[in-house]
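J.: sequence and computational prediction follow.
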Amino acid sequence: MKPYTQKTHASELERDPQAQSQAVGLVGEPVPQTVEASNSLIPFALRDMSEGLQGEVVRETNEEEQRASDQAREELPLHDEKTLHSVIRKEATSLIPFLLSKYWSSQTVSHIDMLSHIRRGHRRYFPQIFEKASVLMQLLFGLDIREVDPILHKYVLYVAAGITYNGILSDVRGLPKSGMLIIILCIIFMEGNRATEDDIWHVLSNMEVYPDREHFIYGNPRKLLMEDFVWEQYLEYQQVPGSDPIIYEFMWGPRAYAETTKMKVLEHWAKFSKVDPRSFEFLYEEALQEEQGASGHAIASSVEE
């Protein structure tokens, strides 16, 4: 299969802003628009991160106690859609420290718990706020939120895509690093199952993640990528045969293949980028063939036993 590199022709999403909005569809539509896999699609999907949401998470973390004392304040006037969008984004961001505390303590979180962390006058927008907070948790930390009690509306937080690594040392309470790992696995998949260092840093730089700059979530990004993810066997790192000058590339490691699948990574990516995973036609086909092959192998093994 042809690798999906930066040389891939620009898709309709890249050429036409109107096509970008039209491509945002729902899973289950009969004929999703085809999207070519390209490195330049990734920064588009991560637009919210480039708009300073990371800085907001930091500020909200520092201001959590002060905000808790302001719950009774009256609703701010929401004169237009832009103001409403800003309010939803800020309220969603204010939930992040609370949701992370529940993840750290392995506790469920309820609808009522989350409402108590939203200003009283803005609680009518809870569905939109909760959706935005869920996307941020997926995007920044690689954490999904699943409802486990539909009557009391309780939720549990867990690492997405089947990954078991969260980047937190057992004796240190830090921020989960799974988000960056899943993004890198997706980049490798989109680049034809192998990606050079330049490919990866090009995409991460659009997320304001740089190899030589400390990051408030990911710490030392170069160390995390070159050492931790490789040491944990999620990634393999090797020289491109015959390259001159020497070029190194990353591929999925054995632990990535053991814990997740291309389909899970693609679906995770599509979920927060609001694109039907089938829109990535060739990637979806490859992921589907892998899933079907694994199922067939499992059935054959069961019959043999």
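T.: Noted; the coordinates are in hand.

J.: can you list the weak-confidence ranges in the stretch 51-200 of the chain?
T.: Applying pLDDT under 70 to the stretch 51-200 of the chain flags the ranges 51-79, 169-174.

J.: mind listing the helices for it?
T.: Assigned by DSSP state H, counting those that start in this stretch, the helices in the stretch 51-200 of the chain fall at 54-62, 64-68, 81-104, 111-115, 126-136, 178-190, 197-205.

J.: between the last one and helix 178-190, how big is the angle?
T.: Going back to what we said before, that points to helix 197-205. Angle of helix 197-205 versus helix 178-190, following axes from the mean of the first three to the mean of the last three Cα atoms, to 10 degrees, is 130 degrees.

J.: so for Lys154, which of the helices of the stretch 51-200 of the chain sits nearest?
T.: Among those, helix 111-115 comes nearest to Lys154, with 7.7 Å by Cβ to Cβ. To be clear about C-beta, it is placed using only N, CA and C from the backbone, and glycine gets the same treatment.

J.: quick one: buried residues of that closest one?
T.: By neighbour count on 16 or more other Cβ atoms under 10 Å, the buried set for helix 111-115 is 113-114.

J.: helices and strands around that helix, which ones?
T.: helix 81-104, helix 126-136 (3 or more Cβ pairs under 8 Å, 6 or more residues apart in numbering; DSSP states H and E).

J.: could you break the chain into its assigned domains?
T.: Structural domains annotated on the chain: 12-46+175-304, 48-162, as defined by automatic domain parsing.

J.: out of the ones you listed, which gets nearest to Ile168?
T.: Minimum separation from Ile168 across these (Cβ to Cβ) falls at domain 12-46+175-304, 6.2 Å.

J.: residues touching the nearest residue to Tyr158 once chain neighbours are set aside, list them.
T.: In this structure, Tyr158 finds its nearest non-sequential neighbour in Asp144, 5.9 Å apart by Cβ to Cβ, 6 or more residues apart in numbering. Counting by Cβ atoms under 8 Å, 6 or more residues apart in numbering, Asp144 touches 134, 137-138, 157-160, 268.

J.: how many neighbours does Gln128 have?
T.: Using other Cβ atoms under 10 Å, Gln128 has 17 other residues around it.

J.: so what's it up against?
T.: Gln128 sits next to Ile88 when contact means Cβ under 8 Å, 6+ apart.

J.: mind running it again at 10 Å?
T.: Applying Cβ atoms under 10 Å, 6 or more residues apart in numbering, one finds that Gln128 lies in contact with 84-85, 87-89, 91-92, 122.

J.: what of Leu225?
T.: Contacts of Leu225 were listed using Cβ under 10 Å, 6+ apart, and they are 180-181, 184, 197, 200-201, 204, 209, 211, 218, 235, 237, 250.

J.: now tabulate the residues you listed in CSV and tack on neighbour count and distance to Asp276.
T.: Converted to CSV, these look like this (neighbours: other Cβ atoms under 10 Å; distance: Cβ to Cβ, whole Å):
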residue, neighbour count, distance to Asp276
Met180, 24, 25
Leu181, 28, 24
Ile184, 23, 23
Glu197, 16, 31
Ile200, 23, 25
Trp201, 18, 29
Leu204, 23, 25
Val209, 21, 27
Pro211, 16, 33
Tyr218, 23, 29
Leu235, 23, 28
Tyr237, 15, 33
Phe250, 25, 27
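
J.: of those residues, closest to Thr261?
T.: Thr261 lies nearest to Leu181 out of the contacts of Leu225, by Cβ to Cβ, at 14.7 Å.

J.: just name the most buried of the helices of the stretch 51-200 of the chain.
T.: Mean neighbours per residue, mean count of other Cβ atoms under 10 Å, is largest over the helices of the stretch 51-200 of the chain for helix 178-190, with a mean of 24.

J.: can you tell me how far the residue nearest to Tyr158 sits from Leu136?
T.: Going from Asp144 to Leu136 by Cβ to Cβ, to the nearest Å gives 12 Å.

J.: and if you look at Pro176?
T.: From Pro176 to Leu136 the distance is 12 Å (Cβ to Cβ).

J.: repeat that for Asn193.
T.: Distance from Asn193 to Leu136, by Cβ to Cβ: 29 Å.

J.: Glu81 too?
T.: Taken as Cβ to Cβ, the span from Glu81 to Leu136 is 20 Å.
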